[in-house]
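Trainee: show me the folded form of this:
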Amino acid sequence: MSSVTPIRRRPNPPDLQDHALNELRYIRRTMERAGSVTAFPGWGQVVIGCTALAAAVVASRESSTDRWLAIWLVEAILSVVIGGAAMARKAKLAHVPLFNQAGRRFALSFSLPILVGVVLTFVLYRAHLVADIPGMWLLLYGAAIATGGAFSVQIVPVMGYSFMAVGVLSLFCPASWGNAILAFAFGGLHIGFGLKIARRYGG
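Mentor: Numbering: from 1, shown residues only. Model prediction:
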């Protein structure tokens, strides 16, 4: 009777192991990028849109330019708080780190145009060019979303482009339309895009 020689498994060659590790790293980076995508808060945008509509109603009753500007600045601060809280909550529910590599890129890309908007608001106010502020706000806010949205799903940069388009329109419209345009953009666009993001990408 012939003897049976057991088959010995050879260890994986080093190059195969390195390839497998590289693949795992790639999968991890992809999942991190996807995690930052799902953390964009659709319902948070809806809430921001509702508060913007309320601010537009209050601001429309003000005859003082200073009080009108103050109302919208308070709304801007409130929007940042709501957006940040909603993003943190969504990331937590999805068990995704909020400030992974893609998340940090989004934060940096988003914050720079916003900081420029803060500076230009002061400059235009001091130069008595308040009528140009709504268009400037919408242009830079749209640019912030579009550049930050480069690391997110396709609908996010489209949202940014929409804000920018309304901002350009605002600069060529009568000054008396400013409050209505802000209501349409910060209110209507936030609610419309927020609902789409919430339904398609899990809240």
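
Trainee: what ranges do the helices span in the protein?
Mentor: 14-38, 42-60, 65-93, 101-126, 133-148, 155-171, 178-182, 190-200 (DSSP state H).

Trainee: just name the most buried of those.
Mentor: helix 133-148 (a mean of 23; mean count of other Cβ atoms under 10 Å). Where C-beta positions appear, they are placed from N, C-alpha and C, glycine not excepted.

Trainee: returning to that earlier point: reformat the helices of the chain as JSON lines; add mean pLDDT.
Mentor: Converted to JSON lines, the helices of the chain look like this (pLDDT from 0 to 100):
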{"stretch": "helix 14-38", "mean pLDDT": "54"}
{"stretch": "helix 42-60", "mean pLDDT": "95"}
{"stretch": "helix 65-93", "mean pLDDT": "90"}
{"stretch": "helix 101-126", "mean pLDDT": "88"}
{"stretch": "helix 133-148", "mean pLDDT": "94"}
{"stretch": "helix 155-171", "mean pLDDT": "95"}
{"stretch": "helix 178-182", "mean pLDDT": "95"}
{"stretch": "helix 190-200", "mean pLDDT": "92"}
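
Trainee: can you pull up the most central residue in the protein?
Mentor: Compute the mean C-alpha point of the chain, and by Cα atoms, centre = their mean the closest residue is residue 145, 4.8 Å away.

Trainee: ignoring the adjacent residues along the chain, who's closest to that one?
Mentor: residue 160 (3.3 Å; Cβ to Cβ, 6 or more residues apart in numbering).

Trainee: wait, isn't the one you found in contact with residue 142?
Mentor: Yes - between residue 160 and residue 142 there is a contact under Cβ atoms under 8 Å: 4.7 Å.
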